[in-house]
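**Student:** Predicted coordinates and the sequence they were generated for:
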Amino acid sequence: MSVVTRFAPSPTGMLHIGGVRTALYSWLYARRHGGRFILRVEDTDLERSTPEAVQVILEGMAWLGLDHDDGPYYQTKRFDRYKEVIAGLLAQGQAYHCYCSKEELDAMRAAQMARKEKPRYDGRCRHRTVAPPAGVQPVVRFRNPLDGEVVVEDRVHGAVRFANAELDDLIIARSDGSPTYNFCVVVDDMDMGVTHVIRGDDHLNNTPRQINMLRALGATPPVYAHASMILGPDGTKLSKRHGAVSVLAYEEQGYLPDALLNYLVRLGWSHGDQEVFTRAEMIEHFDIDRIGKSASAFNPEKLLWLNQQHMMRADVRDLATRLQVYLKRIGVDAPNDARLSAVVEAQRERSKTLVEMAKNSRFFFRENVEMDPAAAAKHLTPEARAMLQEFSASLNDLTDWTRAQIHDALTAFATVRGLGLGKVAQPLRVAVSGSTVSPPIDQTLELLGRDATLARIAAVTA
RNA sequence: GCUCCCUUCGUCUAGAGGCCCAGGACAUGGCCCUCUCAAGGCCAGUACACGGGUUCGAAUCCCGUAGGGAGCGCCA
């Protein structure tokens, strides 16, 4: 049987990392087994769904490279189908009209709570003998089995049993006729041939109801896998303060999609001691049976570390193309050429994000350096300036402007002067980059080029 | 309140009865390397929630307790 998975976000808020992780798991599972991955937008809540949120979901998935084979489907475009299924259920007596008012239901729930019972619909409209009240548009409820139990054979939690007596007759169509979430999910998963449902464990309690409806419709329930929740760094529920922002915020902050995916796949899943995974390795090794049961806290430091690891291993040309965009955002126009790639190679192991890399690389491309006053005060003393002026003559005499020649000239100069390398390198670094931090000085000068180097030394020694 | 789920270092996790007085990774501290910052290498500290069983032997199995979470909507 070929695998079909799906990601079914509702466009009522942001696509955040919790959603991304279940999307990732579903995508990986489909890719691993050569199956299909469906994207389905669950927008039945007309009140809260927005086109902007749909757009964010689509852009986020595209940025992450979680491509779908089917869809995006929109539940709002399938209302005719849902109505058809509801009519069938009604005809077979598996669903019924309920005329209870909201006030009546509220009173019922309040009474149950007072008796320390679980609030649930008591089924009073199941066998309505009196005529329905005039002018009331009824809702449609699913007739849930009264006894027995439903066993959810969950791939991460094992067999989870629910007594049917705990489940009530849920509403599948509102009084305006629109279908509700739990029902749409069931019809869609059935119609779309979904074989594996991987989602957050906040849905575990919905699963027995869905299974009952699937059975009533004569369908075979899919395999379920409920992954745990992602918590904020402080162990409490994820909020906007930590990670519950759009995934696109991670793009803005300079993360690589593969790094974010790598971080997320390891949150609640493992493959031995391996920490760093390429996209191909994730696909090769991902398995539902290795998903953990307990919730995990989001750790920004580890994400940062992984991002750097991925930058250190990424394809240089690809990184250069990305860096160009980030440079542009801070007002630097850099051609995507061999030199930009060389800058990437020099900076990748000393940057945690592309934003940081762009910031630390702008001095390579700007006309004038932005001098850090503290660095200048400390390293560009009158003696240092005099020394740099002398050293610039050596640089001017180099036959080839290569890292090796620059390095030799620097050590020769330092040796003759009886100075440590750092005594020459630091003032030089400040003069050409404006700060005390840069790639190795010989590499920095090579990348900068002879003209710019000499001009910048001249600018501080004049 | 009721139902369901979860519980190994600060954090992510390894561990499927003896290989574990618990391994790896992030973070932290120290050392090495070193022209800066990094990267890299080495070292250190810190965990089986608690209590009972079962067993020759339990982080691993069973039962309780505690703590945390989810669901209980004409929301998804």
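**Tutor:** Okay, I see it.
**Student:** Mind checking if stretch A:17-36 is in reach of RNA strand B?
**Tutor:** No. With Cβ under 7 Å from any atom of the strand as the criterion, RNA strand B is not reached by stretch A:17-36; the gap is at least 9.9 Å. (C-beta placed from N, C-alpha, C; glycine too.)
**Student:** That stretch: which residues count as buried?
**Tutor:** Counting neighbours by 16 or more other Cβ atoms under 10 Å, one finds that the buried residues in stretch A:17-36 are A:17-33, A:35-36.
**Student:** And stretch A:267-275, by the same measure?
**Tutor:** Burial within stretch A:267-275, assessed by neighbour count using 16+ other Cβ under 10 Å, is assigned to A:267-269, A:271.
**Student:** out of the residues you listed, which touch RNA strand B?
**Tutor:** A:267-269.
**Student:** Give me the lowest-pLDDT entry from those.
**Tutor:** Lowest model confidence among these falls on residue A:268, which carries 91.
**Student:** For that residue, which non-adjacent residue is closest in space?
**Tutor:** Excluding the flanking residues, the one nearest residue A:268 by Cβ to Cβ, 6 or more residues apart in numbering is residue A:292, at 4.6 Å.
**Student:** where are the low-confidence patches of the stretch 1-150 of chain A?
**Tutor:** Applying pLDDT under 70 to the stretch 1-150 of chain A flags the ranges A:1, A:129-132.
**Student:** contacting residues around stretch A:333-340?
**Tutor:** A:320-321, A:323-324, A:327-328, A:364-365, A:447 (Cβ atoms under 8 Å, 6 or more residues apart in numbering).
**Student:** at 6 Å what do you get?
**Tutor:** The contact list for stretch A:333-340, computed with Cβ atoms under 6 Å, 6 or more residues apart in numbering, reads A:320-321, A:324, A:327, A:365.
**Student:** Please apply the same query to stretch A:91-105.
**Tutor:** A:89, A:125, A:132-133, A:136, A:138-143, A:216.
**Student:** among these, which two are most distant?
**Tutor:** A:133 and A:216 (27.4 Å; Cβ to Cβ).
**Student:** Give me the more crowded residue out of these two.
**Tutor:** Comparing residue A:133 with residue A:216 by other Cβ atoms under 10 Å, the one with more neighbours is residue A:216, at 18 against 10.
**Student:** What subset of the contacts of stretch A:333-340 is buried?
**Tutor:** Here, 16+ other Cβ under 10 Å leaves A:320, A:324, A:327, A:365 buried among the contacts of stretch A:333-340.
**Student:** okay, the residues you listed in CSV with secondary structure next?
**Tutor:** Shown next, in CSV, are those (DSSP: H, G, I helix; E, B strand; the rest coil):
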residue, secondary structure
A:320, helix
A:324, helix
A:327, helix
A:365, helix
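**Student:** ok, which pair from those residues is furthest apart?
**Tutor:** Across the buried ones among the contacts of stretch A:333-340, the longest distance by Cβ to Cβ is 12.7 Å; it joins A:320 and A:365.
**Student:** Output the set of residues of the stretch 251-400 of chain A in proximity to RNA strand B.
**Tutor:** For the stretch 251-400 of chain A, the contact set with RNA strand B under Cβ under 7 Å from any atom of the strand comprises A:266-270, A:272-273, A:275, A:290, A:292-297, A:299, A:301-302, A:304-305, A:308-309, A:312, A:349-350.
**Student:** Now do the end-to-end distance for stretch A:246-264.
**Tutor:** For stretch A:246-264, the first-to-last residue distance is 15 Å (Cα to Cα, to the nearest Å).
**Student:** before we move on, back to that, which one of the buried ones among the contacts of stretch A:333-340 is nearest residue A:180?
**Tutor:** For the buried ones among the contacts of stretch A:333-340, the nearest to residue A:180 is residue A:324 (47.6 Å; Cβ to Cβ).
**Student:** how far away is the residue of the stretch 351-462 of chain A found nearest RNA strand B from residue A:297?
**Tutor:** Closest to RNA strand B within the stretch 351-462 of chain A is residue A:440: 3.0 Å, counting by Cβ to the nearest atom of the strand. According to Cβ to Cβ, to the nearest Å, residue A:440 and residue A:297 sit 38 Å apart.
**Student:** residue contacts, residue A:172?
**Tutor:** A:140, A:142, A:180, A:183.
**Student:** Check the secondary structure at it for me.
**Tutor:** Going by three-state DSSP: residue A:172 is strand.
**Student:** Distance of it relative to residue A:209?
**Tutor:** Note on residue A:172: its distance to residue A:209, by Cβ to Cβ, is 10 Å.
**Student:** one step back: let me know the closest of the buried residues of stretch A:267-275 to residue A:3.
**Tutor:** Nearest to residue A:3 among the buried residues of stretch A:267-275, with distances taken as Cβ to Cβ, is residue A:269, at 17.5 Å.
**Student:** Double-check the closest one against residue A:289; I have them as touching.
**Tutor:** No. Counting by Cβ atoms under 6 Å, residue A:269 stays clear of residue A:289, with 9.9 Å between them.
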